[in-house]
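Undergrad: Okay, here's the prediction I keep looking at, along with the sequence it came from:
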Amino acid sequence: MAPAPDSLASLAAQFEAFARQDCGTEPLYAALARALADRPGLLGLLNAAPPTQQRPTLLLAALHDRLLALTEADKPLPALAAYYASLGGVRPPDDSLGAALEAFAAEHEGALLETIATQRTQTNEIGRSAVLRPALAEISNRHGGRPLALFDFGCSAGLNLSADRFEVAYDGQAAPGAGPPEGGTPRLACRLVGAPPPSTPWVIRQRLGVDLAPIDLADARALRWLRACLWPSERARAERFEQAVALARAARHPVERSDDGLAVLARWLHMLEPGVTPVLFNSWVLAYFTPAELAAHTQRVHALVQGHGLVWLSAEDDVRLAATTGLTAPATPGDAEPGTHTFWSLTERGARSPRQTLLARSHPHGAWLEWLA
């Protein structure tokens, strides 16, 4: 069924906004998003996805995934591949990009539709651990320095469950206790805006990840999808992804598949060893919830916060920040859009109801951090 004209207009506006606001480090995706916004027939491919997944990132990842599949199969690459640095391409976006896109989509429409219908955007971006680490330090400080138990909601392959193993550098200076400087250890570079974040020691004693469709690190096809969700021009990001995969394979932190992650969380809370502070963490997951789903999710988490001393660390956009905490995103400098930032909020047990704190604002992939708490 073809999408309605108003749906196509909404998608086109979404792609235009994505090109304008989100693609500062990826000129290819900015150009592709604009080209797709002008091509209703290609936008219609997203009709195969659930409504909450009909986003630019899914269609762009599907294109990237198909190109990677051709490369893995040692098939001749189409003209579109010349624009992808991840495939060895060096051609900058130009007037021929739109035609190359149309030709590729027409030839591989069936494979693209299957991917769009069956996959979910799963970046599993470990750069966010540059903010996750000081957020966990803050939680430890607030809760008597007790060991932490980390529950990653929407964890994909669970790569950020190894946050305590990553090496982090703020403004080029290694953070105290920020992972061992070993060969093959992912190194996260983060620019600070304002004061440095907390750096006191902390330890994760127990950890668990949950996802609707977790990535099996032994599944080559699933890993290719995670690679496809990375932006093709960011080669350093791709390298640290491969290092994080190797680290996760060695660590073998538990990851579960579930359609009800909060039910898994509730059971897990009862199984924790005494004396740990349980932390629920999510990052860029709640945007895929409908408003009703998000309201129900928030109510359930608040009950666990009040009843079990759970600490909720949420890293989402300004809309989800307001919906889950009632906090308002602070004014952004210049003409920056709040929706392009990640707001890190903390929800903890209060006297009669949960209390909320805005900890930080950051780049969605952790490239910069402004500590606010």
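TA: Great, that's in hand.

Undergrad: what's around the closest residue to Thr290 other than its chain neighbours, how many residues?
TA: Spatially, and ignoring its direct neighbours in sequence, Thr290 is nearest to Thr52 (6.7 Å; CB to CB, 6 or more residues apart in numbering). In this view, the C-beta of every residue, glycine as well, is placed from N, C-alpha and C. Close neighbours of Thr52, defined as other CB atoms under 10 Å, add up to 12.

Undergrad: show me the contacts for Pro291.
TA: Counting by CB atoms under 8 Å, 6 or more residues apart in numbering, Pro291 makes contact with Ala323.

Undergrad: and the gap between it and Thr325?
TA: Summarising the geometry, the distance separating Pro291 from Thr325, computed by CB to CB, to the nearest Å, is 15 Å.

Undergrad: again, but for Leu161
TA: When CB to CB is applied, the distance between Leu161 and Thr325 equals 24 Å.

Undergrad: With neighbour numbers in mind, choose between the two.
TA: When neighbours are counted by other CB under 10 Å, Leu161 comes out ahead of the other of Leu161 and Thr325, with 24 against 21.

Undergrad: Excluding chain neighbours, give the residue nearest to that one in space.
TA: His253 (4.2 Å).

Undergrad: Now do the helices in the stretch 151-300 of the chain.
TA: Listed from the start of the chain, the stretch 151-300 of the chain has helices (DSSP state H, counting those that start in this stretch) covering 220-229, 235-251, 261-271, 291-308.

Undergrad: Redo these as JSON lines? Include distance to Ala12.
TA: Shown next, in JSON lines, are the helices of the stretch 151-300 of the chain (distance: least, CB to CB, whole Å):
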{"stretch": "helix 220-229", "distance to Ala12": "22"}
{"stretch": "helix 235-251", "distance to Ala12": "28"}
{"stretch": "helix 261-271", "distance to Ala12": "33"}
{"stretch": "helix 291-308", "distance to Ala12": "23"}
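
Undergrad: Kindly reformat those as a markdown table containing mean pLDDT and distance to Asp22.
TA: Compiled in a markdown table, the helices of the stretch 151-300 of the chain are given as follows (pLDDT from 0 to 100; distance: least, CB to CB, whole Å):
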| stretch | mean pLDDT | distance to Asp22 |
| --- | --- | --- |
| helix 220-229 | 94 | 14 |
| helix 235-251 | 92 | 15 |
| helix 261-271 | 98 | 26 |
| helix 291-308 | 97 | 21 |
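
Undergrad: Pull the number of nearby residues for Trp371.
TA: The local packing of Trp371 (other CB under 10 Å) involves 20 other residues.

Undergrad: contacting residues for it?
TA: Applying CB under 8 Å, 6+ apart to Trp371 gives the contacts 134, 192, 194-198, 359-360.

Undergrad: thinking again about what came up before, what separation is there between the residue nearest to Thr290 and Arg224?
TA: When CB to CB is applied, the distance between Thr52 and Arg224 equals 23 Å.

Undergrad: Who are the packing partners of the least confident helix or strand in the chain by mean pLDDT?
TA: Within the chain, confidence by mean pLDDT, DSSP states H and E is lowest for strand 173-174 among all helices and strands, at a mean of 87. Taking 3 or more CB pairs under 8 Å, 6 or more residues apart in numbering; DSSP states H and E as contact, there are no helices or strands that strand 173-174 lies on.

Undergrad: so how far is it from its chain's centroid?
TA: Put simply, strand 173-174 sits 24 Å off its chain's centre (CA atoms, centre = their mean, to the nearest Å).

Undergrad: and Gly194, how many neighbours does it have?
TA: Using other CB under 10 Å, Gly194 is surrounded by 11 other residues.

Undergrad: who's in contact with Leu136?
TA: Counted by CB under 8 Å, 6+ apart, Leu136 has contacts 148, 150, 163, 202, 204, 279, 313.

Undergrad: just Thr325 next, same as before
TA: Thr325 neighbours (CB under 8 Å, 6+ apart): 314, 345, 347, 356, 358.

Undergrad: Verify the stated contact: the third one with Val305.
TA: Yes: taking contact to mean CB atoms under 8 Å, the distance of 5.7 Å between Thr347 and Val305 places them in contact.

Undergrad: any shared contact partners between those two?
TA: Contact criterion CB under 8 Å, 6+ apart; residues bridging Thr347 and Val305 by contacting each: 311-312, 354.

Undergrad: What's the PyMOL line that selects buried ones from those?
TA: Selecting in PyMOL just the buried members of the shared contacts of Thr347 and Val305, where the criterion is 16 or more other CB atoms under 10 Å, is done with this command:
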select buried, resi 311+312+354
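
Undergrad: Show me which of the shared contacts of Thr347 and Val305 is closest to Gln21.
TA: Of all the shared contacts of Thr347 and Val305, the one sitting nearest Gln21 is Trp312; the distance, using CB to CB, is 27.1 Å.

Undergrad: and that closest one, that one's in a strand?
TA: Yes: counting by DSSP: H, G, I helix; E, B strand; the rest coil, Trp312 is found in a strand.

Undergrad: Can you tell me which of the contacts of Trp371 lies closest to Ala35?
TA: Distance to Ala35, by CB to CB, is smallest for Ala360 among those, at 34.9 Å.

Undergrad: Please give me every residue in contact with Arg128.
TA: When contacts are counted by CB under 8 Å, 6+ apart, Arg128 touches 160, 283, 315, 342, 362, 364-366.
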